[in-house]
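S.K.: Fold the following, please.
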Amino acid sequence: MQNLFSLLFYIRRSKSDKNGFANIYLRITVNSKRAELSIRRKVHVEKWNSNAGKGKGYGQDIQELNHYIDIIKSKVYEIHRTLVNQNKEITASLLRDIYIGKDNNQKMLLKIFQDHNDQVNKLVGKDFAHGTAERYRTAKKHIEDYIKVEYKKDDIPVKDVDHKFISGFEYYLKTVRKCGHNTAIKYITNFKKIIRIAYANDWISRDPFYNWKAKLKIVDREFLSEGEIQKMVTKELHTPRLDQVKDIFIFCCFTGLAYADVKKLSKNDIVIGIDSERWIKTKRTKTDTRSNIPLLPTAEAILGKYNGHPDIINSDKVLPVLSNQKMNAYLKEIADLCEIHKNLTFHLARHTFATTVTLTNGVPIESVSKMLGHKSLKTTQHYAKILDRKVSDDMKALRDKFQIEKTISNIV
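M.R.: I've put the predicted structure just below:
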């Protein structure tokens, strides 16, 4: 059946405001059935041409208004043409709903994101770690907030995501959310997976990330020097709780375990290795990769110290680990007491193991990578770059020393 289709832009003069401005509406008619919507623009009643359905005059404001009306008209005609080509039943309400983004057949961005996150949540502990699920939840929340701020909507069709949306989201994360560059890029990468799902399912015809490239900045990770480790080991602290936090931190400096991994470390994770010595064999919480770590004497001594701790005696755990928040808070106090002028966080212990304890002492990078549970050697190679910088700094100090001696010699 042929569809009788027409568009009409009009105003309601009787409902103009005290300044003579009236809202502009679009009426879509298909086979004598109507659907209407506001185009969210106003015009002075004296500057409206009812016959043409446009503003009248030559001012810039009227020219911009008429251009906007032409864009709307073109979009609605394009929607109508698409439905005709798809041989779908066309109604005025359907045309209106598709134009304003309420088409039930359209896939909405946040709905796709939530469906993905629901699947991830069900696979936590199997295919995904808790941290991964949390990052996807946070990324979705940032997208949701960005849409509300930038688009004044609760959701948008996934087909409306373009390069401008991605660039705007990156700018929003860095300015409004105050995210660092690498943090922003990681959230966008999480979002990229959702768009790839839409593309793979033919919900969108092109990948808006095609011309977007993730460029992470290399961050120099801090670590403790041998002297700073010794300061901590020998420092007598005034409370048992600080001493406990210090011991567990030092334990991780000599094992490379992250907070989540030492927190869940159990007696079953301590096994006899190929060399008849005790090893830690566990799976990393973050990546689910296996870490195989021979126990060094310092780590062994700390395990022995807490064998009789009340929290350990009736537990499968091997160390009394506090919450991550408390551990980091106490570490700040410990750093002050030990006169260590670095931002001491629990994760810094892992960096210390990779640099000062292993690589600096000649342990091959492949072995360090295996002990850290890295999926890629490239991740471990970053620590080698840090050491290269340290060598450069040390040699600079040596050059300065020689230069001073040469100057003194010339004076004498």
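S.K.: Show me what counts as buried in the helix or strand containing residue 195.
M.R.: Element membership for residue 195 (DSSP states H and E) is helix 181-200. Buried residues in helix 181-200, counted by 16 or more other Cβ atoms under 10 Å: 184-188, 190-192, 194-195, 197-199. C-beta coordinates here come from the backbone N, C-alpha and C atoms, glycine included.
S.K.: same thing with stretch 52-69?
M.R.: For stretch 52-69, the buried set under the neighbour-count rule, 16+ other Cβ under 10 Å, comprises 53-55, 57, 62, 65-66, 69.
S.K.: Could I have the CA atoms of the lengthiest strand in the chain written out in PDB?
M.R.: Using DSSP state E to assign secondary structure, the strand with the most residues in the chain is strand 33-44. What follows is strand 33-44, C-alpha atoms only, in PDB (Å, rounded to 0.1, in the frame of the first residue of the first chain):
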ATOM      1  CA  LYS A  33      -2.500   9.600  11.100                       C
ATOM      2  CA  ARG A  34      -0.400  12.300  12.900                       C
ATOM      3  CA  ALA A  35       2.500  12.300  15.300                       C
ATOM      4  CA  GLU A  36       4.000  15.500  16.700                       C
ATOM      5  CA  LEU A  37       7.100  16.700  18.400                       C
ATOM      6  CA  SER A  38       8.800  19.900  19.500                       C
ATOM      7  CA  ILE A  39      12.000  20.700  17.600                       C
ATOM      8  CA  ARG A  40      13.200  22.600  20.700                       C
ATOM      9  CA  ARG A  41      13.500  25.900  19.000                       C
ATOM     10  CA  LYS A  42      11.500  29.200  19.400                       C
ATOM     11  CA  VAL A  43      10.800  32.000  16.900                       C
ATOM     12  CA  HIS A  44       9.000  35.400  17.200                       C
END
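S.K.: ok, the nearest residue to residue 349 once chain neighbours are set aside - how many residues close by?
M.R.: When the adjacent residues along the chain are set aside, residue 349 lies closest to residue 252, with 3.6 Å between them (Cβ to Cβ, 6 or more residues apart in numbering). Summarising burial for residue 252: neighbours were counted as other Cβ atoms under 10 Å, giving 26.
S.K.: Now do residue 252 against residue 311, distance only.
M.R.: For residue 252, the distance to residue 311 equals 18 Å [Cβ to Cβ, to the nearest Å].
S.K.: Please apply the same query to residue 292.
M.R.: Computed as Cβ to Cβ, the residue 292 to residue 311 distance reads 26 Å.
S.K.: if we can go back for a sec, which residues does the following helix or strand past the longest strand of the chain contact?
M.R.: Reading on from strand 33-44 to the C-terminus, the next helix or strand found by DSSP H and E is strand 48-49. Residues external to strand 48-49 that are found in contact with it (Cβ atoms under 8 Å, 6 or more residues apart in numbering): 11, 22, 24, 54-56.
S.K.: ok so, going back, which residues does the helix holding residue 195 contact?
M.R.: The contact list for helix 181-200, computed with Cβ under 8 Å, 6+ apart, reads 107, 109, 112-113, 116, 135-136, 138-139, 142-143, 158, 161, 166, 169-170, 173-174, 177, 179, 204, 206-209, 212, 214-217, 219.
S.K.: and what of stretch 118-135?
M.R.: Residues external to stretch 118-135 that are found in contact with it (Cβ under 8 Å, 6+ apart): 117, 136, 186-187, 190, 260, 285-288.
S.K.: Return the member of these nearest to residue 322.
M.R.: Nearest to residue 322 among those is residue 260, at 13.3 Å by Cβ to Cβ.
S.K.: Report the next helix or strand after the helix or strand hosting the closest one in sequence order.
M.R.: Assigned by DSSP H and E, residue 260 belongs to helix 259-264. Tracing the chain C-terminally past helix 259-264 and defining elements by DSSP H and E, one meets strand 270-272 next.
S.K.: What strands flank that following strand, and is each parallel or antiparallel?
M.R.: Applying DSSP bridges, strand 270-272 is found paired with strand 278-283 (antiparallel).
S.K.: Please point out which parts of the strand it pairs with sit buried.
M.R.: For strand 278-283, using 16+ other Cβ under 10 Å, the buried residues are 279-280, 282.
S.K.: And for stretch 312-321?
M.R.: Along stretch 312-321, these residues count as buried under the neighbour rule (16+ other Cβ under 10 Å): 312, 317-321.
S.K.: for the closest residue to residue 159 other than its chain neighbours, what are its contacts?
M.R.: In this structure, residue 159 finds its nearest non-sequential neighbour in residue 204, 5.1 Å apart by Cβ to Cβ, 6+ apart. When contacts are counted by Cβ under 8 Å, 6+ apart, residue 204 touches 158-159, 161, 195, 198.
S.K.: Show me which of those is closest to residue 39.
M.R.: Here the nearest of the contacts of residue 204 to residue 39, counting by Cβ to Cβ, is residue 159; it sits at 21.0 Å.
S.K.: what's the spacing between that closest one and residue 100?
M.R.: With the distance defined as Cβ to Cβ, residue 159 ends up 14 Å from residue 100.
S.K.: one step back: please, a PyMOL command that selects the buried ones among the contacts of helix 181-200?
M.R.: Command for PyMOL, covering only those of those found buried under the criterion 16+ other Cβ under 10 Å:
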select buried, resi 107+109+112+113+116+135+136+139+142+143+158+161+166+169+170+173+179+204+208+209
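S.K.: From the contacts of helix 181-200, which land in strands?
M.R.: Of the positions in the contacts of helix 181-200, not one sits in strands, assigned by DSSP E.
S.K.: And for the closest residue to residue 46 other than its chain neighbours, the neighbour number?
M.R.: Nearest in space to residue 46, with sequence neighbours left out and distances taken as Cβ to Cβ, 6+ apart, is residue 20 at 6.8 Å. Burial of residue 20 is recorded as 13 neighbouring residues (other Cβ under 10 Å).
S.K.: which ones are touching residue 20?
M.R.: Contact partners of residue 20, counting by Cβ under 8 Å, 6+ apart, are 44-46.
S.K.: Which parts of the stretch 51-200 of the chain are helices?
M.R.: In chain order, the stretch 51-200 of the chain shows helices spanning 60-85, 92-100, 109-122, 130-151, 163-175, 181-200, with DSSP state H, counting those that start in this stretch as the criterion.
S.K.: Contacts made by the second one with the rest, please.
M.R.: By Cβ under 8 Å, 6+ apart, the surrounding residues in contact with helix 92-100 are 28-30, 33-37, 72, 75-76, 79-80, 83, 103-104, 106.
S.K.: Report the distance from it to the chain centre.
M.R.: Centroid separation between helix 92-100 and its chain, computed with Cα atoms, centre = their mean, to the nearest Å, is 35 Å.
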